[in-house]
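J.: Here is my input; please provide its structure:
(chains A and B)
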Amino acid sequence: DTAVSQTPKYLVTQMGNDKSIKCEQNLGHDTMYWYKQDSKKFLKIMFSYNNKELIINETVPNRFSPKSPDKAHLNLHINSLELGDSAVYFCASSRDGGSGNQPQHFGDGTRLSIL
Amino acid sequence: GESVGLHLPTLSVQEGDNSIINCAYSNSASDYFIWYKQESGKGPQFIIDIRSNMDKRQGQRVTVLLNKTVKHLSLQIAATQPGDSAVYFCAENMGTDSSYKLIFGSGTRLLVRP
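T.: Predicted coordinates for the structure are as follows:
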């Protein structure tokens, strides 16, 4: 009965590869997010979707492409992985319609390591 | 394994004492604030929130204080327990009519001494 679940939990891959991370929430929320947390624990938003529509796209390289097949899913595809992409990626969801005035619920993260 | 965030400010308290974690936020127009707790290997977990029309809000063993004059937020934890050991983040809600986002602070590590 996990609220926000991400797969895989760990991802180790070579530079230059393409990989995807999946996220699903069973909370009935309408807004979903991707965050990146670096080695200093700094947490920064990358994207947010409300009802499958992109509403926030931070200055993220276009190698990163989010896709929301439905309200409960937000996947993240990364092309041509680089060393600097190594981080923990968190998915989150909220029921605020993108207004940001409700708590966001986070998954447990995907630890991406680029060799 | 995961990096331990060596540059994080750390607060060390004795079990049973009260803890106060402070946060300075950046935007005087921010209208909603949240405290999160992150344990090792886990995602941030919601603790308590407060809106800008309030200056204090209490939960179970936690209190959040908001001082809009100096753009300061604090989290007070009563009778700190070993299970409270974690990294704590404050976050402020910033944006425009069409696009809001949470801006997270840099985090404070709380260590509880038995």
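J.: Work out for me the element residue 91 sits within.
T.: Answering for chain A, as no chain was given. Using DSSP states H and E, residue A:91 maps to strand A:87-94.
J.: Hmm, no, I was thinking of chain B.
T.: Here residue B:91, judged by DSSP H and E, is contained in strand B:86-95.
J.: Name the strands paired with that strand and say parallel or antiparallel.
T.: strand B:32-38 (antiparallel), strand B:100-104 (antiparallel), strand B:108-113 (antiparallel) (DSSP bridges).
J.: Show me where the chain has its strands.
T.: In the absence of a named chain, this looks at chain A. A:4-7, A:10-13, A:19-25, A:31-37, A:43-50, A:53-57, A:64-70, A:73-78, A:87-94, A:105-106, A:110-114 (DSSP state E).
J.: looking at chain B here, not the other one
T.: Using DSSP E, strands in chain B cover B:10-14, B:19-24, B:32-38, B:45-51, B:56-58, B:62-67, B:72-77, B:86-95, B:100-104, B:108-113.
J.: Name whatever forms a beta bridge with the residue nearest to residue A:86 when sequence neighbours are not counted.
T.: Among residues not flanking residue A:86 along the chain, residue A:114 sits closest, at 4.8 Å (CB to CB, 6 or more residues apart in numbering or on different chains). Where you see a C-beta, it was placed from the backbone N, CA and C, and this is true even at glycine. Beta-bridge pairing for residue A:114 (DSSP bridges): residue A:13.
J.: mind listing what residue A:114 touches?
T.: A:13-15, A:81-83, A:85-86 (CB atoms under 8 Å, 6 or more residues apart in numbering or on different chains).
J.: comparing the strands paired with strand B:86-95, which gets the lowest mean pLDDT score?
T.: For these, the weakest mean pLDDT is recorded on strand B:100-104, namely a mean of 88.
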